[in-house]
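In: need a structure here:
(one chain, ligands or ions: 1)
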Amino acid sequence: MDTDVLFTITKENLETGMRGYPVGYCTTSSVHPTKGLYYRGKSIQELAFKEPEEVIYLLYYGKEPSKDELAAFKQELASRAHLSDKVIESIQKLPREGQAMKLLASALLLVGMLEGEQDYEKDCLNLIARIPEVVACVINHHAGWKGEHSSKPELGYMENFVSMLHVPHKREAELVRAMKLFNILHYDHGGGNLSTFVGKAVASGLEDMYGSMASAICALAGPRHGRANQDCLEFVEEVLKEVGENAQISQIEGLLRGKLTKNELIYGFGHAVLRVEDPRATIFYELADKQYKKDPLVKIATYLREVGPKVLAENPKISNPYPNVDAISGVVLTAAGFGYADYIAVLFGMSRAVGIARQIVYERLEARGGKGTPIIRPKYLDASDRSLSG
Ligand code: MLT
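Out: So this is what the prediction gives:
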């Protein structure tokens with residue numbers, strides 16, 4: 001039937017990162033090119049300032065919790081949150097060289113080896129409940145902090161995370177507010193973003209939740225995906241260094257033009273799906289404007305937001321010159337007192353694990369009337385035969 005034809009594949013579609021190919025259904029979230037992100041049909045703007053546990057409940061069960069359901073869910077997560085001493089000690093024995101994302105992937109494998117239940121549903125909730133503790137342990141260890149690890153899940157999902165973090169001169173309440181927002185805005189982004197797709201692909205071979213998640217985290221570690229937020233923060237820092245705190249917007253415009261002429265990269269603009277300013281970025285910009293207007297990095301990021309689209313749109317090859325979430329997420333965390341630019345991708349991983357884990361449960365246990373999806377096995381054409389029928 002014609003109406004069932006979603007996409008016609010021509011040679012031009014090959015070797016393009018499967019951009020736009022429909023491959024299945026995503027029940028947890030969707031991304032509209034001009035309206036942005038929805039979790040279970042609710043816009044990200046409606047959800048951004050709720051409690052993280054409330055939004056996780058929505059993603060997990062597909063409905064908003066009543067007051068009692070939310071209280072019970074918070075308890076459920078808290079009761080599953082503690083890592084065993086063996087896991088913590090094993091993480092603390094891992095080498096600290098290299099990117100912290102490698103440490104996070106290794107830590108998730110360790111949790112799977114020592115605490116995995118080989119049950120996608122139980123492991124999904126356990127992983128969601130435990131990941132703040134895993135990430136706090138990873139960051140503290142990678143940063144070289146040697147103090148005692150203490151977790152108090154009854155404080156709340158992000159409250160406990162921030163309390164476990166060893167951040168010098170921590171402004172606890174401010175950091176909790178920024179972390180909650182960061183966490184919620186990054187839980188999920190449709191079914192086809194690289195880390196989610198990889199996690200589901202690995203799970204399609206019936207690898208368990210933790211191995212699948214470790215693979216997803218490796219997929220998220222690259223600078224084209226999760227690590228882009230760190231590169232964006234570094235970019236804003238570099239621009240600030242170049243133009244100074246008292247820069248005028250015209251200087252930023254000149255600097256961007258200069259970079260484009262020299263074919264240098266401009267970070268924080270464009271998106272695989274979105275064709276407008278990323279609504280998650282808009283939410284961060286609004287918070288930045290309200291709370292951190294005078295912060296020098298915020299000032300530069302705000303100028304970049306203003307002139308970037310104008311300058312980039314002059315290039316006919318650029319179809320989306322608008323800021324994405326990475327353009328401002330790291331700047332807001334830094335302004336809120338998270339002085340660890342190297343761990344912002346890890347925070348992305350902690351957040352995205354929620355959506356990935358839930359999508360794995362869908363594909364393994366619920367899709368196709370409960371049969372689950374088969375092993376991922378796309379077709380590659382024989383390179384010596386350039387016709388599509390091969
Ligand atoms: C995002 O959060 O923007 C994504 O993971 C990137 C994507 O949707 O492909």
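
In: Show me which residues of the protein sit near the ligand.
Out: His189, Gly190, Asn193, Ala272, Val273 (C-beta under 6 Å from any ligand atom). (Glycine included, C-beta is placed from N, CA and C.)

In: again, only using 8 Å
Out: 31, 37, 186, 189-190, 192-196, 220, 225-226, 271-274, 278, 280, 324-326, 348, 352 (C-beta under 8 Å from any ligand atom).

In: now, which of those lie within helices?
Out: If you go by DSSP state H, these have Leu194, Ser195, Thr196, Leu220, Arg280, Asp326, Phe348, Arg352 in helices.

In: Of those, keep whichever come out buried.
Out: Neighbour-count burial (16 or more other C-beta atoms under 10 Å) applied to those gives Leu194, Ser195, Thr196, Leu220, Arg280, Asp326, Phe348, Arg352.

In: Turn those into CSV, columns for pLDDT.
Out: Putting those into CSV (pLDDT from 0 to 100) gives the following:
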residue, pLDDT
Leu194, 98
Ser195, 98
Thr196, 98
Leu220, 98
Arg280, 98
Asp326, 98
Phe348, 98
Arg352, 98
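
In: longest helix of this protein?
Out: helix 120-142.

In: neighbours of Lys241, just the number please.
Out: If you count neighbours by other C-beta atoms under 10 Å, Lys241 ends up with 9.

In: pLDDT at it, what is it?
Out: Looking at Lys241, its pLDDT reads 97.

In: relative to helix 120-142, how tilted is the helix or strand hosting Ile356?
Out: Assigned by DSSP states H and E, Ile356 belongs to helix 344-361. Here helix 344-361 runs at an angle of 170 degrees relative to helix 120-142 (axes from the mean of the first three to the mean of the last three C-alpha atoms, to 10 degrees).

In: what helices or strands is helix 344-361 leaning on?
Out: helix 52-61, helix 100-115, helix 120-142, helix 172-185, helix 194-204, helix 209-220, helix 228-243, helix 326-335 (3 or more C-beta pairs under 8 Å, 6 or more residues apart in numbering; DSSP states H and E).

In: which one of those helices is the most hemmed in?
Out: Mean neighbour count (mean count of other C-beta atoms under 10 Å) peaks for helix 326-335 among the helices and strands packed on helix 344-361, with a mean of 27.

In: Outside of it itself, which residues are in contact with it?
Out: Applying C-beta atoms under 8 Å, 6 or more residues apart in numbering, the contact partners of helix 326-335 are 178-179, 181-182, 185-186, 228-233, 236, 267-269, 278, 280-281, 284-285, 287-288, 291-292, 295, 297-298, 301, 304-305, 308, 341, 344, 347.

In: Then stretch 261-269?
Out: Here stretch 261-269 makes contact (C-beta under 8 Å, 6+ apart) with 228, 231-232, 234-236, 256, 259-260, 304, 308-309, 312, 318, 320-324, 326-328.

In: ok, back up a step: nearest to Tyr157, of the helices and strands packed on helix 344-361?
Out: Closest approach to Tyr157 among the helices and strands packed on helix 344-361 (C-beta to C-beta): helix 52-61, 4.7 Å.

In: where does the residue nearest to Ile184 when sequence neighbours are not counted sit relative to Leu185, distance-wise?
Out: Nearest residue to Ile184, sequence neighbours excluded (C-beta to C-beta, 6 or more residues apart in numbering): Val55, at 5.1 Å. Distance of Val55 to Leu185, computed by C-beta to C-beta, to the nearest Å: 10 Å.

In: for Thr34, same thing?
Out: Distance of Thr34 to Leu185, computed by C-beta to C-beta: 18 Å.

In: cool, and Arg257?
Out: 31 Å.

In: again with Leu260
Out: 29 Å.

In: and if you look at Glu46?
Out: Taken as C-beta to C-beta, the span from Glu46 to Leu185 is 12 Å.

In: next one: Phe235
Out: To Leu185, Phe235 is 20 Å away according to C-beta to C-beta.

In: again with Ala219
Out: 19 Å.

In: wait, what's in contact with the nearest residue to Pro33 once chain neighbours are set aside?
Out: Leaving aside its chain neighbours, Pro33 sits nearest to Arg275 (4.4 Å; criterion: C-beta to C-beta, 6+ apart). Neighbouring residues of Arg275 by C-beta under 8 Å, 6+ apart: Pro33, Thr34, Ser319, Asn320, Tyr322.

In: List just the nearest of those to Ala367.
Out: If you rank the contacts of Arg275 by distance to Ala367 using C-beta to C-beta, Pro33 comes first, at 25.0 Å.

In: Cool, thanks, signing off.
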